[in-house]
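A.B. asks: Need a 3D model of the following:
(3 chains)
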Amino acid sequence: MTVIEFNDVTKTYGRRTVLDKMNFSIRQGVLTGIIGRNGVGKSTLMKIAVGHIQATSGDVRVFSVNPFNSLKVSANSILVDDAMSFSDKLTLKDILQEAGRFYPNWDGPLAQRLFDYFGFHSNARQVDLSKGKKSTFNAIIGLASHCPVTIFDEPTTGMDTVARKDFYRALLKDYIAHPRTILVSSHHLEEVEDLLEDILLIHNKTALFHGPATDLQEMFVNLIGKEEKISTFIADREIISSQINGSYSEILVKNTFTSDEKSHLHTQGIQLVPVSADDAYVALTTGKKGGIDHVFNGTTAD
Amino acid sequence: MLNMDGSKPIYVQIAEWIETEIIDGTLSPDDKVYSQYQLAELFTINPATAGKGLTLLLEAEVVYKRRGLGMFVASDARDKLFAKRKEETLRRLIRELLNEAALLGVDDSHLLSMIEAERARIKGE
Amino acid sequence: MYLTEPRLTNIVKKQFLHKLNAYTGVFNSLIVMQLIGIFFGYGAGSGGSSNGGTLTIDYRLSTGDGPVILTLLWAFSMGILVTTLAYRNDAFSFISNRLSHNISSILFLLFASAIAGTLAPLAGSIIKFISLFQSNPFFTEASGLVSSPTDFSIGVMTSILYTVLFASLGYVVGSFVQRSKFVLPLLIAAIFVFPLLQLNMGGLDFIAKIVAFFGSETSLLLFLMKIVVTVSIFFAISIRVTTKTEVRK
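C.D. replies: So this is what the prediction gives:
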């Protein structure tokens, strides 16, 4: 069942287009990573999904309704981001209590255990917390609300390494215990890739890739071997990056080899080395490039 | 444990980790294999990815499924894995060995004598 | 998947209770304003003496208007305050849409106005009470709580209604300001330019008419109706102009 659906969604601020005819749909219960470089519209997409802002054009459906001004979407979703703020008249303890009054699936005991684990003080105020602590506190609310659609926008901003690891582990454990649709955005793919089932990769204002994280990884492969042997295989292929170490070359190409071709490569002493999802992401978003070596080769040749 | 920084897809690493558990006898025939959720918790990975690893083993008939109960180690799992590793891992190593030998101009009889010498050294240790 | 089907009334109720907890700063500023009102109200009294041959009358007029005027100012600024982005962002950290946020904010304004409107005449009475002790009075207060409870309760009623009126005026102004950043400079310009330009064309007359529309009404029931209709229009306009506002941008 589809929970979130974007059809030709465009969002503009004045003359600046942030999302351009974006299309995708998120299935129920899938933990999806919204990945993209800084400023590609990840946050905009998330704010539209929970109804905080409105699409300029196109059709947005969450639980089959337009999220903007929908009380149903608001009650069944939560967006944890930098802009999540609470009255400075409320203590952290008050805020947890208020969250419990609002969200029907609120897990009070979990919230309290996380609150204690991360060493928060009941009488502190959200505005007085450090950046990392504020992120952690907001994340606790996001986890404990158990909303059918739970969205985290760069949730670990400012957190130290230990807190980041703890948060992602908590997220995974809670997701396993209470399966629900979760979106997590990050520009550090390597930090979240193992957690994700699907990746929605945003680039140039649109969805460049949407599918299983492992599929993204397997889109590319590194060929390592003698340069003269490799060159015969890659003559008509798009080279994403290449690196030359002595007589050996390391060439990143699209993984479109048939099994026959693969065994042929093996016999020629050329290794096919899988790339990390992060490398694939970089390859996909930087497009065709000769790598840093070509920058230098280019200047001497011209 | 898994080689998390490696570039091998994580579900392949999961499958290989379970294979090793079977080969070294930690898991015996008809033992219950970890569920995808147990694996997910164990390695902090998405349950769907862990499920993919199990599917690889299921397709290779290293494990079998009992409806509602989970996955179990096939009776001939070890034999299959031995055959598979012989076919894949050992062959790859031999190919690398031959490539290196050709590069250095080491002929077959020389190579064989080197293997014998190495075996003797291991026994002596 | 279990989905919640929220009812507007239920969410509004939760938000109203939330605002009672979260907007306590509003009440602190009310107390400060009324104390200032008492202070100035007491100082602002006028006195004099008339001499009729053998009889000399010393009189002192004390007014209880200071707290009321400051309460109205407070109500106006509170109306603006609750429409600001910070307050709306806070609301959308929990379950909300624009309508529920508006309704619960309006309910909060009515509640706060009721308290402030009741306290204002009481603060006025304090001024008179202090005056009473300082002089040796022959005549004391008019329409006080003790001397004339009916008049006093009408006074409270009127005070509440005026407070609500000013709060709703602040709310509608705040809503327009939130709608567009050009509204604020226009509004300030209008306040200064409008009376100047229209001085000869009845501009001040227009304002005087508005004041008279409420101030000269002698029937409490009609006054009540005038306020209710005006306030409803203000709130309806506010809800209308903020229905598309974006939050947590």
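A.B. asks: dump the residue contacts of the nearest residue to residue A:160 once chain neighbours are set aside.
C.D. replies: In space, and not counting its chain neighbours, residue A:160 is closest to residue A:132: 6.2 Å by Cβ to Cβ, 6 or more residues apart in numbering or on different chains. Quick note: C-beta positions are derived from backbone N, CA and C, even for glycine. Applying Cβ atoms under 8 Å, 6 or more residues apart in numbering or on different chains, we find residue A:132 in contact with A:157-160, A:163.
A.B. asks: mind listing which of those are in strands?
C.D. replies: When DSSP state E is applied, these are split such that none fall in strands.
A.B. asks: among those residues, who's most crowded?
C.D. replies: residue A:159 (22 neighbours; other Cβ atoms under 10 Å in any protein chain shown).
A.B. asks: re earlier: any idea how far the residue nearest to residue A:160 lies from chain C?
C.D. replies: According to Cβ to the nearest Cβ, to the nearest Å, residue A:132 and chain C sit 19 Å apart.
A.B. asks: and that residue, what element?
C.D. replies: helix A:131-144 (DSSP states H and E).
A.B. asks: Spatially nearest residue to residue 123, not counting backbone neighbours?
C.D. replies: Answering for chain A, as no chain was given. Per Cβ to Cβ, 6+ apart, closest to residue A:123 is residue A:91, 5.0 Å.
A.B. asks: my bad, chain C
C.D. replies: Closest to residue C:123 by Cβ to Cβ, 6+ apart is residue C:67, at 3.6 Å.
A.B. asks: buried sites along the helix or strand that contains the one you found?
C.D. replies: For residue C:67, the host element (DSSP H and E) is helix C:65-81. By neighbour count on 16 or more other Cβ atoms under 10 Å in any protein chain shown, the buried set for helix C:65-81 is C:65-72, C:74-81.
A.B. asks: Show me which residues of the helix or strand following the helix holding residue A:132 are buried.
C.D. replies: Per DSSP H and E, the first helix or strand lying C-terminal to helix A:131-144 is strand A:149-153. Buried residues in strand A:149-153, counted by 16+ other Cβ under 10 Å: A:149-153.
A.B. asks: for stretch A:60-78, same thing?
C.D. replies: If you call a residue buried by 16+ other Cβ under 10 Å, then stretch A:60-78 has these buried ones: A:60-63, A:67-78.
A.B. asks: next helix or strand past the helix holding residue C:67?
C.D. replies: helix C:85-91.
A.B. asks: Run the chain-centre distance for the longest helix along chain C.
C.D. replies: The longest helix of chain C (DSSP state H) is helix C:98-134. In terms of Cα atoms, centre = their mean, to the nearest Å, the centre of helix C:98-134 is found 8 Å from the chain centre.
A.B. asks: what's the following helix or strand after that helix?
C.D. replies: Trace forward from helix C:98-134 with DSSP H and E and the next one is helix C:149-179.
A.B. asks: The residue of the stretch 51-200 of chain A found nearest chain B and chain C, how far apart?
C.D. replies: Relative to chain B, the nearest point of the stretch 51-200 of chain A is residue A:197 (4.1 Å; Cβ to the nearest Cβ). From residue A:197 across to chain C, the span is 16 Å (Cβ to the nearest Cβ).
A.B. asks: just residue B:20 next, same as before
C.D. replies: For residue B:20, the distance to chain C - Cβ to the nearest Cβ - is 38 Å.
A.B. asks: next one: residue A:103
C.D. replies: 7 Å.
A.B. asks: Next, count neighbours for the nearest residue to that residue once chain neighbours are set aside.
C.D. replies: Sequence neighbours aside, residue A:145 is the residue nearest to residue A:103 in space, at 4.4 Å (criterion: Cβ to Cβ, 6+ apart). The local packing of residue A:145 (other Cβ under 10 Å) involves 24 other residues.
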